[in-house]
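*Asks:* structure for this input, please:
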Amino acid sequence: MVSTSTISKEYVYGLLAEVVDPEVPVLSIIDLGIVREVFISDDKTEIVITPTYSGCPAMQRIEWDIKTALLEKGITNASVKTILSPAWTTDWMTKEGKEKLKAYGIAPPNPTASVCSTDLFAAAEAVQCPHCSSYHTIRVSEFGSTACKSLFKCSDCQEPFDYFKCH
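*Replies:* Numbering: from 1, shown residues only. Now for the predicted structure:
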């Protein structure tokens, strides 16, 4: 067992940077921006997280992985607290995390919604293909491999890809 007096927030954040998102394993929970705070007191370490979606099925696994990562380093008095407010936003993702998404073949969330159609009633967010960088893409389905992603197809390279929804 490691005493809380011998560990720092920076050390715990370093451990959390090794915990991956089970749905997108190239992202750590730090990259994803779901770790809101780390509290270290005399007898306890508390990790505060916010899910990407309130019903995200990966959150129990992430909580388990956090506790396991800390336990493996001798931090036996850790707890994980989930908060829903403020709601998670893709703005909380790190720049490095967004770059990792693109390299993995998932289009990262746009910083702001932009219009790619002149028809205002059919306006849609312009999404760049992570494979060939073209903006000639179409949304095939509002839902991709998980609820936080949409399925797109590139009109230039013809590759389908997930887009991590901006919210």
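*Asks:* switch to C-alpha atoms for all contacts and neighbour counts from now on
*Replies:* OK.
*Asks:* what's the neighbour count on the closest residue in space to Gly97 that isn't next to it in sequence?
*Replies:* Leaving aside its sequence neighbours, Gly97 sits nearest to Asp31 (Cα to Cα, 6 or more residues apart in numbering; 4.6 Å). With neighbours defined by other Cα atoms under 10 Å, the count for Asp31 comes to 25.
*Asks:* give me the nearest residue to the residue nearest the centre of the chain, chain neighbours excluded.
*Replies:* For the chain, Leu32 is the residue whose C-alpha lies nearest the centre (Cα atoms, centre = their mean; 2.9 Å). Among residues not flanking Leu32 along the chain, Met93 sits closest, at 4.7 Å (Cα to Cα, 6+ apart).
*Asks:* secondary structure element for the residue nearest to Gly97?
*Replies:* Using DSSP states H and E, Asp31 falls within helix 29-32.
*Asks:* just Ser150 next, same as before
*Replies:* Using DSSP H and E, Ser150 falls within strand 149-154.
*Asks:* for that strand, which strands pair with it and how are they oriented?
*Replies:* Using DSSP bridges, strand 149-154 pairs in its sheet with strand 137-141 (antiparallel), strand 160-164 (antiparallel).
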